[in-house]
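J.: got a structure for you, letters missing:
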């Protein structure tokens, strides 16, 4: 999109929102609707009219005033934001005059999208204690301002999205009453576009993000137009209400409270998981598995948290059981930390016995969110689970397993046992590095027929978003590289020679000789490479205070490279990081030197 002084960013956004079904109200009409009361951020008349329409209750004027006053008295701080979010999602308990009883009155109809009024207004005026503002664009649902957009034109010199962001931060200071309702803002100059949740943080402390997917619209139709993708991806009516209901939270820890909002890959993956589960439960669609192939930086635990929240709170899911499965204790701590904002108790499963109790609870198994840590299971317990597998059967289908780092554990006997125990469950695997081997095939385990993945956030996506640093490759010592022809020749030689041996001899040979490995561990080759690494480290890496890593073909090569590097750099410069194989003499001797160095017991046999 090319912007001019006449065709402003503000105009463009409003027109796109109108295409998405938002009703544009100009400043004059908006002033009339608000009765020129610009100290009041709410459009009181619109709110009252909508409350009567979307609630199946006879609301008197006094009932409506009770609701308005309750909203007005919510404090303009992070605690107030949390309170408003709760009222927005769950409704407000109101003592109705005519019915003489309390009823929950909802502000938004999340179940029936078109039962709400979606208004976009520009030059939205609000008068505050510390100043008056005119926000470029405000998005209003049922008379409540819920999102704000500040736009700068790229045709203006020395002005960009950062100026829009700084202006929004000034708005927060000048009219805080507006921002207990406004849940997130967008700062744009038409080229660069950032969004962030409003939480009264100091300028520069907000977690600014870019929304790069118009999901569920087709990305290829947007030609990398980030502003347009943001409008369609965040502000289409269905996505907008979905984000408000399920993807914005206030997160508290001991030091501070802040606000989090979903990123585009988390929203997309979570929405696809939800749709697969609900579609299958309702009989509209088939499919009980899915692979979430998300690279480092995607925030997989947040994707799992959002998915858990949404499934647990969906009437269509009928109070499900959600099992979050990790393989290590450190991931358990991360899950507990990243799930904390949900304010939902998570029951830890630290033994097979505990898991079996949950699965056999009552007649249908226990409901809620459960955290399974595989590392805590003792080897002997798996036999217990295997024997009990056929006796544990939850007939209901609203059981969901969200398994992290599935490329490491969900194969062989353990994978079979898990599928046996969770017979009718939906199982979604999360990983950044799926495997495609004969004995370990992540795609085969988690992908339905003709599906490569349910959602993907690639390494290139992570690099483009700045969450992963790109890898730069510089070829050195080309005379020591193995080319494709050499590799093929080694493989053919090995295959020919192995065929002439008996099965016993083949087994023994495989333990002792692998032609490619032997070439890679050639003494002269390692010496020259070590020398080159030492020179490069001294000249290029060391002045930057960064570190370096050497990756070798096997454990023996680790020791050989360590010994060679020590001839060119002080021994304290490097350490070997690997699990030991004490059956090999070279490795056993090296570990003996470590034990002598650090005063540990001997490893010699």
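T.: Yes, it's here. From a predicted model like this one, the values you see are computed outputs, not experimental measurements.
J.: ok, for the most centrally placed residue in the chain, nearest residue in space, not its chain neighbours?
T.: Centre of the chain computed as the mean C-alpha position; nearest residue by C-alpha atoms, centre = their mean is residue 299, 3.3 Å away. Nearest non-adjacent residue to residue 299, counting by C-beta to C-beta, 6 or more residues apart in numbering: residue 266, 5.8 Å away. (C-beta placed from N, C-alpha, C; glycine too.)
J.: wait, isn't the one you found in contact with residue 301?
T.: No - using C-beta atoms under 8 Å, residue 266 is not in contact with residue 301, being 9.6 Å away.
J.: neighbour-wise, which of the two wins?
T.: Remark: of residue 266 and residue 301, residue 266 carries more neighbours, 25 against 21, as counted by other C-beta atoms under 10 Å.
J.: what about the more buried one, which helix or strand?
T.: helix 264-281 (DSSP states H and E).
J.: Helix or strand next in line after that helix, which one?
T.: Immediately after helix 264-281, counting by DSSP H and E, sits strand 289-294.
J.: angle of that next one against helix 264-281?
T.: Strand 289-294 and helix 264-281 are oriented at 180 degrees to each other (axes from the mean of the first three to the mean of the last three C-alpha atoms, to 10 degrees).
J.: Could you look up the next helix or strand downstream of strand 289-294?
T.: Downstream of strand 289-294, the next assigned helix or strand under DSSP H and E is helix 300-312.
J.: by contact count, what packs against the helix or strand that that next one is followed by?
T.: As assigned by DSSP H and E, the chain's next helix or strand after helix 300-312 is strand 321-326. The helices and strands touching strand 321-326, judged by 3 or more C-beta pairs under 8 Å, 6 or more residues apart in numbering; DSSP states H and E, are helix 300-312, helix 329-338, strand 368-373, strand 399-404.
J.: And the helices in the stretch 501-605 of the chain?
T.: For the stretch 501-605 of the chain, the helices defined by DSSP state H, counting those that start in this stretch occupy 503-512, 515-520, 523-536, 555-565, 585-598.
J.: so what's residue 431 bridging to?
T.: Judged by DSSP bridges, the bridge partners of residue 431 are residue 293.
J.: quick one on the thing from earlier: anything in contact with each of residue 266 and residue 301?
T.: Contact with both residue 266 and residue 301 is made by no residue, according to C-beta atoms under 8 Å, 6 or more residues apart in numbering.
J.: Report the contact partners of residue 203.
T.: Residue 203 makes contact with 166, 169, according to C-beta under 8 Å, 6+ apart.
J.: for residue 322, same thing?
T.: 307, 308, 311, 312, 368, 369, 370, 400, 402.
J.: Go again with 6 Å.
T.: Neighbouring residues of residue 322 by C-beta atoms under 6 Å, 6 or more residues apart in numbering: 308, 311, 369, 400.
J.: ranges for the helices of the stretch 1-150 of the chain?
T.: Counting by DSSP H, counting those that start in this stretch, the helices of the stretch 1-150 of the chain are 9-19, 27-33, 44-54, 61-72, 78-90.
J.: need those in a markdown table with mean pLDDT, can you?
T.: Output for these, formatted as a markdown table (pLDDT from 0 to 100):
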| stretch | mean pLDDT |
| --- | --- |
| helix 9-19 | 96 |
| helix 27-33 | 95 |
| helix 44-54 | 96 |
| helix 61-72 | 96 |
| helix 78-90 | 96 |
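J.: Adding distance to residue 292 and mean neighbour count, write those out as CSV.
T.: What follows is the helices of the stretch 1-150 of the chain, written out as CSV (distance: least, C-beta to C-beta, whole Å; neighbours: other C-beta atoms under 10 Å):
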stretch, distance to residue 292, mean neighbour count
helix 9-19, 30, 18
helix 27-33, 43, 14
helix 44-54, 35, 17
helix 61-72, 38, 15
helix 78-90, 25, 18
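J.: possible to save these as CSV with distance to residue 98?
T.: Converted to CSV, those look like this (distance: least, C-beta to C-beta, whole Å):
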stretch, distance to residue 98
helix 9-19, 38
helix 27-33, 27
helix 44-54, 13
helix 61-72, 8
helix 78-90, 22
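J.: pLDDT weak spots in the chain?
T.: The model of the chain has pLDDT under 70 over residues 1-7, 376, 378-393, 407-417, 419-420, 437-439, 473, 475, 477-519, 600-605.
J.: tell me the domain boundaries of it?
T.: 9-257, 263-464, 473-520, 527-605 (automatic domain parsing).
J.: what ranges do the helices span in the stretch 151-300 of the chain?
T.: Under DSSP H, counting those that start in this stretch, the stretch 151-300 of the chain gives helices at 161-174, 226-235, 237-246, 264-281, 300-312.
J.: Which one, of the ones you listed, ends up nearest to residue 447?
T.: Distance to residue 447, taken as C-beta to C-beta, is lowest for helix 264-281 among those, at 12.1 Å.
J.: quick one, that closest one and helix 226-235 angle?
T.: Using the same axes, to 10 degrees: helix 264-281 against helix 226-235 is 40 degrees.
J.: next one: helix 264-281 to chain centre, how far?
T.: Remark: helix 264-281 is offset 13 Å from the chain centroid, using C-alpha atoms, centre = their mean, to the nearest Å.
J.: Can you give me the buried ones in stretch 339-356?
T.: Across stretch 339-356, burial judged by 16 or more other C-beta atoms under 10 Å covers 339, 341, 342, 346, 349, 352, 354, 355, 356.
J.: Could you do stretch 38-45 as well?
T.: Neighbour-count burial for stretch 38-45 flags 38, 41, 42, 43, 44 (criterion: 16+ other C-beta under 10 Å).
J.: circling back to that earlier point, between the helices and strands packed on strand 321-326, which one is nearest to residue 52?
T.: So among the helices and strands packed on strand 321-326, helix 300-312 is nearest, using C-beta to C-beta, at 29.1 Å.
J.: List the contacts of the closest one.
T.: Residues contacting helix 300-312 (C-beta under 6 Å, 6+ apart): 246-247, 266, 269-270, 273-274, 294, 317, 320, 322, 324, 334-335, 338-339, 342, 369, 400, 402, 430.
J.: Are any of the residues you listed buried, and if so which?
T.: 246-247, 266, 269-270, 273-274, 294, 317, 320, 322, 324, 335, 338-339, 342, 369, 400, 402, 430.
J.: could I get the buried residues of stretch 38-45 as JSON lines with distance to residue 222?
T.: Shown next, in JSON lines, are these (distance: C-beta to C-beta, whole Å):
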{"residue": "38", "distance to residue 222": "36"}
{"residue": "41", "distance to residue 222": "32"}
{"residue": "42", "distance to residue 222": "34"}
{"residue": "43", "distance to residue 222": "32"}
{"residue": "44", "distance to residue 222": "38"}
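J.: For these, work out which two are farthest apart.
T.: For the buried residues of stretch 38-45, the farthest-apart pair by C-beta to C-beta is 38 and 44; their separation is 12.4 Å.
J.: Tell me what residue 289 is bridged to.
T.: In beta-bridge terms (that is, DSSP bridges), residue 289 pairs with residue 427.
J.: wait, which of the buried residues of stretch 339-356 is closest to residue 164?
T.: After measuring the buried residues of stretch 339-356 against residue 164 - C-beta to C-beta - the closest member comes out as residue 341, at 27.6 Å.
J.: Which residues are in contact with the closest one?
T.: Applying C-beta under 6 Å, 6+ apart to residue 341 gives the contacts 249, 251.
J.: same question, residue 267
T.: Counting by C-beta under 6 Å, 6+ apart, residue 267 makes contact with residue 247.
J.: again, but for the one 10 residues further on
T.: With C-beta under 6 Å, 6+ apart as the criterion, the residues that contact residue 277 are residue 426.
J.: gap between it and residue 290?
T.: 9 Å (C-beta to C-beta, to the nearest Å).
J.: cool, and residue 448?
T.: Applying C-beta to C-beta to residue 448 and residue 290 gives a distance of 8 Å.
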